[in-house]
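# quick one, fold the following:
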Amino acid sequence: MTAIRFFNAHIIDPSQSIDGIGYLDVVNGVVDAIGIGTPPKTGKFEQVIDCKSSCLSPGLVDMRVQPADPGSEHLESLATLLAAAANGGITALACLPDTRPVIDEASAIDSLCLRASRIGGSRLYAYGAATKSLAGTEMAELGLMAEAGAIGFTNSTTSINDSLIMRRLLAYSSMLDKPFIQHCEDHALTANSEMNEGETSTRLGLLGSPSEAEVIIIDRDLHLLRRTDARYHVAHISTRAGIEAVRQAKAEGLAVTADTSPPYFLLNELAISTYNTAFKLSPPLRSEDDRQAVIEGLADGTIDAISSDHMPVDRDAKMQPFGPAQPGASGVDTLLALSLTLVHQGHISMTRMIEALSLAPASILDMTGGTLSPGGAADFILFRPNSSWIIAGANFKSDSRITPFESHPVQGIVDATYVDGAAIFLRQ
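The predicted structure is shown next:
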């Protein structure tokens, strides 16, 4: 039997409404006891660790990560992705299906998850592709992928534009009790676009993508949702109109959830004024009003979760004029620190941040994690929320080192990451 006690920790667990200095006992990889105050003088422990008032919370659950392996290992290997996740305090991550080959059948899910388990570290889960080859024209074998462990279905970075196929996908997802994750974008409105449409795009001479392209897809899908009773999730929501649509759907009682990512609550379209392609993302950076709406949505719970939206990009694909440059950026190394900015600026509480980074995504996707309840897996992190550092892509554990937050000052350092009670990352 392996028993470890962590004491003098600022424990934050939204699932149990715990926020205070206390202790956590871990026995054989499972949470044995948790409490506020001085731990009882009972039990024998191989290790007793003084956390020195550092925060101890459930590990982060990142519900939107694009792997480059298999197919583009030169961008990032599975091993470096998992190492970066551990470094960033992520104990579980959900991978999008647009690898090569696409994860559109059960064997691809089996292969990816088996390889990750052999590497060890953070738990890796996979989405199943909603359509074959992500082409949007023919449904993939959802049932077989669900049996193989798919945590949900998505067409990754493209919307399902065919309404009949979308209705069928929602119906099958409902039958399989899996969430459908939608990248909401009307491609007819955004074809060849380079940034958000507005005064800034006109001034910069770049082709704009109207913000309405997001809410049009959300509105259509909500109408279909009323007929199918499925679980529907809006990925990386970025506009005020889209957020308001989700808010109204929740008030109606529909099973709708949403996530966003740090660029959409920390940056706006003005960042593109330098034509730096690190700021080219999908969805594009929006207006300041949209950014404020994202913060409001996180504060009131309309937006349930925060994801890294990690997307490895070939440096050559970024070293081009802004228009043809590929969208995407790294995100796993910086997820906690960037999210803590909302706490330091007084927009949300620490408890709400941990809920958005851990409990909410774990609940949406039925993944292990998000809680420190006794009897559950001991997946947790130790971090110092006030420790300062400067973001530098060159120092990332991930091989993907392009970030829109290069040289950005942040606060929040992960000191240790534990999965099943075993340390998968310890800061030296």
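
# quick one, longest helix in this protein?
Using DSSP state H to define each element, the chain has its longest helix at helix 212-228.

# any buried residues in that helix, and which?
By neighbour count on 16 or more other CB atoms under 10 Å, the buried set for helix 212-228 is 213-222, 224-225, 228. Quick note: C-beta positions are derived from backbone N, CA and C, even for glycine.

# lowest-confidence entry in these?
Lowest in pLDDT among the buried residues of helix 212-228 is Thr228, which has 92.

# how close does Arg427 sit to Leu382?
Note on Arg427: its distance to Leu382, by CB to CB, to the nearest Å, is 9 Å.

# which neighbours do those two share?
With contacts taken as CB atoms under 8 Å, 6 or more residues apart in numbering, Arg427 and Leu382 have Val414, Asp415, Ala416 as neighbours in common.

# what's the closest of these to Val234?
Val234 has its nearest neighbour among those in Val414, at 28.0 Å by CB to CB.

# correct me, but that closest one touches Leu426?
No: when contacts are counted by CB atoms under 8 Å, Val414 is not listed as touching Leu426 (10.0 Å).

# the two: which is more packed in?
Using other CB atoms under 10 Å as the criterion, Val414 and Leu426 rank with Val414 on top: 26 against 12.

# and the nearest residue to the more buried one once chain neighbours are set aside, how close does it get to Leu164?
Once flanking residues are discounted, Val414 sits nearest to Gly89: 4.1 Å by CB to CB, 6 or more residues apart in numbering. According to CB to CB, Gly89 stands 42 Å off from Leu164.

# now, which of the shared contacts of Arg427 and Leu382 lie within helices?
Among the shared contacts of Arg427 and Leu382, no member falls in helices (DSSP H).

# and stretch 138-153, average pLDDT?
97.

# picking up where we left off before, would you pull up how far the longest helix of the chain lies from the middle of the chain?
Centroid displacement of helix 212-228 relative to its chain, using CA atoms, centre = their mean, to the nearest Å, is 22 Å.

# over to stretch 260-276?
18 Å.

# and the helices in the stretch 1-150 of the chain?
Along the stretch 1-150 of the chain, counting by DSSP state H, counting those that start in this stretch, helices occupy 78-87, 106-119, 142-147.

# go through the first one and flag the buried ones.
Okay, so that is helix 78-87. Neighbour counts using 16+ other CB under 10 Å place Leu78, Ala79, Thr80, Leu81, Leu82, Ala83, Ala84, Ala85, Ala86, Asn87 of helix 78-87 among the buried residues.

# now Ala116: closest residue in space that isn't a chain neighbour?
Leu124 (3.7 Å).

# and the one you found, how far from Arg118?
Using CB to CB, Leu124 is found at 11 Å from Arg118.
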